[in-house]
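1. make a model of this:
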Amino acid sequence: MEIRPARPEDYDAVAAFTRDTWADRDGSDYIPDIYHDWIAPDDPTQATLLVDMGDETPSDDIAAIAQMVMLSEYEAWAQGMRVAPDYREQGIATTLTHALFDWAREQGARRARNMIHSWNMPSLANARHVGFEPGVEFRWAMPEPDADAGSSEFDYRVGDDADAAWALWTGSEMRTELSGLALDPDESWALSELTRQRLHDAAADDRLFVVADERVAGFTHRVRTYTREPEDGAEVTWAEYAVAAWTDADACRALMDAIRRDAAAVGADRTRVLVPEALEWLSDVALARSDLADEPTFVMEADLT
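-> Predicted coordinates:
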């Protein structure tokens, strides 16, 4: 068994055991579609390692693959762990994860995190087994884009005061519930610590939305838009918002309306907004007439000190 960096010529062997990862859920794995861009051999901020069981390198006998990405000077993100069916329950995932932990420590990481869908019990068990501990729970709010969204019942202003947003965030129970995490601005489907500078960057790009009446009552910021083409061939443009925080149900409604208007302005068909998994805040979102994902998502964390 050899643990080594993934190479372009490993594509066929990796695609062979990852293509049908979620066939039982009517979904396909993203790795075969993005493999050559994903492995990025010349990117010093990430390591994509695989377990080669063959006698020669490269071989067609690949047992597992996974990636670790540095999100900041001290935060690493683990993703894409896949183990070939013939090699499961043999400790290979643990060996590969610890190799990635070692790489992250060498880069200066003190925390490593990953994301697991709540329905994925095997991955949840594996994460605990290899050294991750429970982190935070969140759920996607999905307000529908609407250029005319807004209610005459509430008189909220929408501004872009980054320091006001930061002050609300640092004193918010929602921040505590999320351990300060929000969607990362560079790595999709990853969470990292929200910083004051990120809010200032968002304000400079007209992506920060701060709602206020007599005082600041909520904020969010858009991190990205992207387009996906589902199997029926109809392109769907998504707008993603790093996190939403607010003080009460009225502020939540004003904030969801601000998101609706912004999403419509950037041509989005769908939205995805990260909110902490707690009944009070989820019911605020529901009261604001926004859809919610059917299930929460979990973030696990490993201490690398």
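2. the residue nearest to residue 100 when sequence neighbours are not counted pairs with what?
-> In space, and not counting its chain neighbours, residue 100 is closest to residue 68: 4.1 Å by CB to CB, 6 or more residues apart in numbering. To be clear about C-beta, it is placed using only N, CA and C from the backbone, and glycine gets the same treatment. Beta bridges link residue 68 to residue 47, residue 78 when assigned by DSSP bridges.
3. then residue 192?
-> residue 182.
4. which residues does it contact?
-> Taking CB atoms under 8 Å, 6 or more residues apart in numbering, we find residue 192 in contact with 71-72, 75, 77, 181-182, 184.
5. and which of those is nearest to residue 158?
-> The shortest approach to residue 158 among the contacts of residue 192 belongs to residue 182, at 19.2 Å (CB to CB).
6. I'd say that closest one and residue 195 touch.
-> No. Using CB atoms under 8 Å, residue 182 makes no contact with residue 195, being 9.3 Å away.
7. more neighbours: these two, which one.
-> In this view residue 182 and residue 195 are compared by other CB atoms under 10 Å, and residue 182 has more residues nearby, 25 against 15.
8. sec struct for the residue lying farthest from the centre of the chain, please.
-> Distance from the C-alpha centroid of the chain peaks at residue 55, with 37.0 Å (CA atoms, centre = their mean). Put simply, residue 55 is coil when judged by DSSP: H, G, I helix; E, B strand; the rest coil.
9. now it: how far from residue 108?
-> 36 Å (CB to CB, to the nearest Å).
10. what do you get for residue 101?
-> Separation of residue 101 from residue 108 (CB to CB): 13 Å.
11. higher neighbour count, those two?
-> For the pair residue 101 and residue 108, the greater number of neighbours falls to residue 101 (19 against 13), based on other CB under 10 Å.
12. the more buried one contacts residue 131, doesn't it?
-> Yes. Using CB under 8 Å, residue 101 is in contact with residue 131, at 7.0 Å.
13. which residue ranges of the stretch 51-200 of the chain form strands?
-> 62-70, 75-83, 111-117, 133-142, 157-159, 181-183, 191-193 (DSSP state E, counting those that start in this stretch).
14. just checking, what packs against the first one?
-> In this structure, strand 62-70 makes packing contacts with helix 11-18, helix 31-39, strand 46-52, strand 75-83, helix 92-107, judged by 3 or more CB pairs under 8 Å, 6 or more residues apart in numbering; DSSP states H and E.
15. quick one: the ones you listed as JSON lines, columns for distance to residue 276 too.
-> Shown next, in JSON lines, are the helices and strands packed on strand 62-70 (distance: least, CB to CB, whole Å):
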{"stretch": "helix 11-18", "distance to residue 276": "31"}
{"stretch": "helix 31-39", "distance to residue 276": "29"}
{"stretch": "strand 46-52", "distance to residue 276": "28"}
{"stretch": "strand 75-83", "distance to residue 276": "19"}
{"stretch": "helix 92-107", "distance to residue 276": "26"}
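16. export those to a markdown table and tack on mean pLDDT and distance to residue 241?
-> Below are these laid out as a markdown table (pLDDT from 0 to 100; distance: least, CB to CB, whole Å):
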| stretch | mean pLDDT | distance to residue 241 |
| --- | --- | --- |
| helix 11-18 | 92 | 30 |
| helix 31-39 | 92 | 23 |
| strand 46-52 | 96 | 25 |
| strand 75-83 | 96 | 19 |
| helix 92-107 | 97 | 28 |
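17. looking at these, which is closest to residue 258?
-> strand 75-83 (28.5 Å).
18. contacting residues for the nearest residue to residue 198 once chain neighbours are set aside?
-> Nearest non-adjacent residue to residue 198, counting by CB to CB, 6+ apart: residue 185, 6.1 Å away. Taking CB under 8 Å, 6+ apart, we find residue 185 in contact with 198, 201, 223-224, 242.
19. and the contacts of the one helix or strand residue 256 maps to?
-> Per DSSP states H and E: residue 256 is located in helix 249-265. If you take CB under 8 Å, 6+ apart as the criterion, helix 249-265 is touched by 141, 143-151, 154, 156, 158, 209, 211, 213, 217-220, 222, 239, 241, 244, 246, 271, 273, 281, 284-285, 287-290.
20. and the residue nearest to residue 229 when sequence neighbours are not counted, how many residues sit next to it?
-> Residue nearest to residue 229 in three dimensions, not counting chain neighbours: residue 235, with 5.1 Å by CB to CB, 6+ apart. Residue neighbour count, defined by other CB under 10 Å, stands at 9 for residue 235.
21. is it true that residue 235 touches residue 268?
-> No. In this structure residue 235 lies outside contact range of residue 268 using CB under 8 Å: 11.6 Å.
22. anything in contact with each of residue 101 and residue 131?
-> residue 302.
23. now the angle from the longest strand seen in the chain to helix 249-265?
-> Counting by DSSP state E, the longest strand found in the chain is strand 216-228. Strand 216-228 and helix 249-265 are oriented at 30 degrees to each other (axes from the mean of the first three to the mean of the last three CA atoms, to 10 degrees).
24. all set now, cheers.
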